[in-house]
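**Q** Structure for the following, please:
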Amino acid sequence: MTAKQDTPRLSDLMPWSVAPLRLGRSWVMGPDPAVLTARWKRLVAAEDAAARERLFRPSRARTLHSAVGQLPGQATPTERLLRADGPCPAPQRVLHGPFDQQWLLPDHRLIDTARPELWRVADDRQLFAVAWGAVPQVPGPAVVCSAVLPDGRSPAGRPGRIHPLYRRPGGVEPNLAPGLLDLLGRRLGRPAAPAELLAWITASARHSPDGCVVPLPADPAIWEDGVALGGRLLWLHTRGARTSEEPAYAGARTAERPRMPGGRRPYVRSALPERGLPQTLAYDRDDEALLLGSGRIAPVPPGAWDYHAGGVRVLDAWFAQRTGAGEEPAEAGSLAALRPATWPQEWTSDLLELITVLALLAELRAPTAELCRRTADGPEIGAAELRAAGVLPAPLSARRPASVLDHHEEGPEGQFALL
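**A** Next up is the predicted model:
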């Protein structure tokens, strides 16, 4: 459905956004934390500086001599990498692209552009909305949310834009245009919470020639239905970590993780090879089976197999990230060439959960389309009304990171900075 010209943009409603992480070297992230540890050990065990440099792969932003501080919240050394010989930084869970949860070495010395402002606000109360660019003729959600730090990168080469829900740690100061929640409360006749607005955005955001736009309803019944639908989408996007209910932020996860109804849950019907990695991925639509080499998982609903996001089929991209299928092989002897020799059991568990999430998301396409139709047919709060109320344009200060005046972080070579 075509967006109205007066529909506000996501970048107006959530004014502070951050560009994707730019790693600079692929070997610092991957789906297996044990491999990341092995790569680090090989780097620091290099026989001389020249060998260490070849393994590291320096760039204009990072060399073995770069002096940088710690990433916020990470207890990593700050000595120059040329002299580094300590243990591997503990790999941290991150979201690669829209739905692929991987691991990252959270060491500022290894990453060209790590976006410290994101790390500074990443905690167990934070949520990130990533707006993805439209890919012509390819379906997919305009916004995907994450409870772990997203890298904002897309397998299709169209990077997203990362919008944290809160501007400060601890769920403090919503990243929303000042006055927006008050205006919504007056028009809807009830208070609107930040997490509820994010749920509405998740359910209603869509692509337009003007970027990602979010229609705002003036009908309380449509709002309630959209928040409920968006809450379930949030729950699925974050694999059970978050909903639209504020009390869910008290813990790291809600009590329930996504599961298919009994009799429809995917299981491993034929085991994957004990040695090596499967090199082919296929789908048997008649039997609803996912085929990974000689391995077989079923039932896998067609909606899960067909699910696209960020311009690619999600399951294809997930499989390629773990096997290198369809990719140019990494240079022999490089750290990127160091990969798992066999298929870890953890990948199977992750795949079963991802299939479940995609299948349940596919079931929500019809309710999402119906919400879009009802919103378009009903009264809306357009950009003109937001401007007349002084909500838009958001002040420049709302588009910049918030200052954390009492937050100490270790700078280069053990020095401390007051931010």
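**Q** make it CA atoms for all contacts and neighbour counts henceforth
**A** OK.
**Q** where do the strands sit along the stretch 51-200 of the chain?
**A** 92-96, 100-104, 128-131, 143-146, 161-164, 166-168, 172-174 (DSSP state E, counting those that start in this stretch).
**Q** how about these, which one is nearest residue 15?
**A** Residue 15 sits nearest to strand 161-164 of all these, at 7.9 Å, using C-alpha to C-alpha.
**Q** In PDB, list the C-alpha atoms belonging to that closest one.
**A** Only the C-alpha atoms of strand 161-164 are listed here, as PDB (Å, rounded to 0.1, in the frame of the first residue of the first chain):
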ATOM      1  CA  ARG A 161      20.100   2.700  10.000                       C
ATOM      2  CA  ILE A 162      20.200   1.900  13.700                       C
ATOM      3  CA  HIS A 163      17.700   3.700  16.000                       C
ATOM      4  CA  PRO A 164      18.100   2.900  19.800                       C
END
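**Q** Report the mean confidence score over stretch 116-124.
**A** Across stretch 116-124, pLDDT averages out at 96.
**Q** now that stretch, how far from the centre of its chain.
**A** Centroid separation for stretch 116-124 versus its chain: 13 Å, with C-alpha atoms, centre = their mean, to the nearest Å.
**Q** And the contacts of it?
**A** With contact meaning C-alpha atoms under 8 Å, 6 or more residues apart in numbering, stretch 116-124 is reached by 18, 71-73, 147-149, 164, 166-170, 249, 251-252, 401.
**Q** C-alpha coordinates for it, CSV please?
**A** The C-alpha coordinates for stretch 116-124 follow below in CSV (Å, rounded to 0.1, in the frame of the first residue of the first chain):
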residue,chain,number,x,y,z
PRO,A,116,31.0,3.5,20.7
GLU,A,117,27.8,5.6,21.1
LEU,A,118,25.8,2.4,20.5
TRP,A,119,27.9,0.3,23.0
ARG,A,120,27.4,3.0,25.6
VAL,A,121,23.6,2.6,25.7
ALA,A,122,23.5,-1.2,25.0
ASP,A,123,22.2,-2.9,28.1
ASP,A,124,19.4,-5.3,29.2
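**Q** quick one on the thing from earlier: give the ChimeraX command for selecting the buried subset of the contacts of stretch 116-124.
**A** The following ChimeraX line selects those of the contacts of stretch 116-124 that are buried, judged by 16 or more other C-alpha atoms under 10 Å:
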select :18,71,72,147,148,149,164,166,167,168,169,249,401
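**Q** on that earlier part again, just put the strands of the stretch 51-200 of the chain in TSV and tack on mean pLDDT and distance to residue 198.
**A** Compiled in TSV, the strands of the stretch 51-200 of the chain are given as follows (pLDDT from 0 to 100; distance: least, C-alpha to C-alpha, whole Å):
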stretch	mean pLDDT	distance to residue 198
strand 92-96	97	18
strand 100-104	98	21
strand 128-131	97	8
strand 143-146	97	9
strand 161-164	97	10
strand 166-168	97	11
strand 172-174	96	10
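**Q** for the ones you listed, which one sits closest to residue 28?
**A** Closest among those, using C-alpha to C-alpha: strand 100-104, at 5.9 Å.
**Q** how distant is the closest one from the center of its chain?
**A** 9 Å.
**Q** Now tell me what touches that strand from outside.
**A** 28-33, 36, 91-96, 318.
**Q** partners of it in the sheet?
**A** Here strand 100-104 is paired, per DSSP bridges, with strand 29-30 (antiparallel), strand 92-96 (antiparallel).
**Q** With distance to residue 51 added, can I get the strands of the stretch 51-200 of the chain in a markdown table?
**A** Output for the strands of the stretch 51-200 of the chain, formatted as a markdown table (distance: least, C-alpha to C-alpha, whole Å):
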| stretch | distance to residue 51 |
| --- | --- |
| strand 92-96 | 27 |
| strand 100-104 | 23 |
| strand 128-131 | 38 |
| strand 143-146 | 38 |
| strand 161-164 | 36 |
| strand 166-168 | 41 |
| strand 172-174 | 46 |
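**Q** burial of residue 280, as a residue count?
**A** 15 (other C-alpha atoms under 10 Å).
**Q** Which parts of the stretch 1-150 of the chain are helices?
**A** With DSSP state H, counting those that start in this stretch, the ranges of helices along the stretch 1-150 of the chain come out as 10-13, 33-44, 49-56, 116-121.
**Q** May I see those organised as a markdown table, with mean neighbour count and distance to residue 67 added?
**A** Output for the helices of the stretch 1-150 of the chain, formatted as a markdown table (neighbours: other C-alpha atoms under 10 Å; distance: least, C-alpha to C-alpha, whole Å):
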| stretch | mean neighbour count | distance to residue 67 |
| --- | --- | --- |
| helix 10-13 | 21 | 34 |
| helix 33-44 | 19 | 17 |
| helix 49-56 | 16 | 15 |
| helix 116-121 | 20 | 15 |
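**Q** Among those helices, single out whichever gets nearest to residue 127.
**A** helix 116-121 (9.6 Å).
**Q** And for residue 200, nearest residue in space, chain neighbours not counted?
**A** Excluding the flanking residues, the one nearest residue 200 by C-alpha to C-alpha, 6 or more residues apart in numbering is residue 227, at 4.9 Å.
**Q** In the stretch 201-350 of the chain, what residue spans correspond to helices?
**A** 220-237, 302-305, 314-323, 345-363.
**Q** Present the ones you listed as CSV; the columns should include distance to residue 53.
**A** Below are these laid out as CSV (distance: least, C-alpha to C-alpha, whole Å):
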stretch, distance to residue 53
helix 220-237, 39
helix 302-305, 42
helix 314-323, 25
helix 345-363, 32
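**Q** ok, and which of the ones you listed has the densest surroundings?
**A** Looking across the helices of the stretch 201-350 of the chain with neighbours counted as mean count of other C-alpha atoms under 10 Å, the highest average goes to helix 220-237: a mean of 22.
**Q** Could you list every helix and strand that that one packs against?
**A** Where contact means 3 or more C-alpha pairs under 8 Å, 6 or more residues apart in numbering; DSSP states H and E, helix 220-237 is packed against strand 143-146, helix 194-204, helix 345-363, helix 365-377.
**Q** what pLDDT, on average, does that helix get?
**A** pLDDT averaged over helix 220-237 gives 97.
**Q** Could you pull up the residues touching the closest residue to residue 336 other than its chain neighbours?
**A** Nearest residue to residue 336 in three dimensions, chain neighbours excluded: residue 27, at 4.7 Å (C-alpha to C-alpha, 6+ apart). By C-alpha under 8 Å, 6+ apart, the contact list for residue 27 reads 36, 39, 335-336.
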